[in-house]
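J.: got a sequence here, can you build the structure:
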Amino acid sequence: MPKIAEVEPTPNPNARKFILREPLTWGTARSYDNAAEAVGDPLGEALFAIPHVTNVFYVDHWITVTQDGGAEWTPLLKLLAVPIREAPAAEDRSEAFGAVGSGLLDDERLSPEQREKLKTISDLLDERVRPFLQGDGGDLFIVGLEGNQLQVHYQGACGSCPSSLSGTLAGIESLVHQIDPFLEVVPV
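T.: So this is what the prediction gives:
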C-alpha cells in the first residue's frame, strides 16, 4: 500500500500530484480521461467513483488527479487519499504491462525513414521535454505521424492545462523542427 509522501500543486489549477513512497507501477503509465477508460483498473475505478474527478494519470512513484473545478481541494484531497493509500504497490506483472507499448515504431505502414524520424523525435522528447512534464504531474506521448503532422497526446495534469496547448506545444514544435522543419505538431 503506497504511502503519500506529499501532495503538490501543478501548473493546472484543477490538478494535484501525489508523490508516493512506494511505486504503483514500474515504468508503466496509466492514463484515463473518464471512468469508462478506467474499467479494469481498481485504482482508476475507485478514483473516478469520487465526484468531480475528470482525469487520472499515474506512473511509478506519483499520481496526478484532475478535477472539474467544482470541488474544493481540501475535502477532495482527503477523499482521494483513501483509494491511493489502499492501492497495491507495484507488482512483477507491471513489467509485463511496460512491454506492451503502442508499437508505433513497429507499424508496418510507416517507411523506414518515418520510423527513424519518429525514433529521433521520441528520443529528443524523452530527453528534453518529458522530464519537465512529469515533474508537473503530466506526460506526453507520440500518437502517430500522418503526412506532415506529428500527433501527440498529453496526459495527466498536462491534458487540460492551458499552457500545454500554447507554450509547451510551441516548444515541442521548435524541437521537432530541428529534425524536420516541415512537421506540424498537433495535440490529439
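
J.: alpha carbons only for contacts and neighbour counts from here, please
T.: Noted.

J.: packing partners for the helix or strand where Lys119 lies?
T.: Take DSSP states H and E as the rule and Lys119 turns out to sit in helix 112-128. With contacts defined as 3 or more C-alpha pairs under 8 Å, 6 or more residues apart in numbering; DSSP states H and E, the packing partners of helix 112-128 are strand 138-146, helix 167-179.

J.: how about low-confidence regions in the protein?
T.: Residues of the chain meeting the criterion pLDDT under 70: 1, 27, 91-106, 159-160, 162, 164-166.

J.: and the helices in it?
T.: According to DSSP state H, the chain carries its helices in the segments 42-48, 73-86, 93-99, 112-128, 130-135, 167-179.

J.: care to break this structure down by domain?
T.: With domains defined by automatic domain parsing, the chain comprises 4-98, 101-187.

J.: export the ones you listed as a markdown table, with columns for mean neighbour count.
T.: Supplementary listing: the domains of the chain in a markdown table, determined by neighbours: other C-alpha atoms under 10 Å:
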| stretch | mean neighbour count |
| --- | --- |
| domain 4-98 | 18 |
| domain 101-187 | 17 |
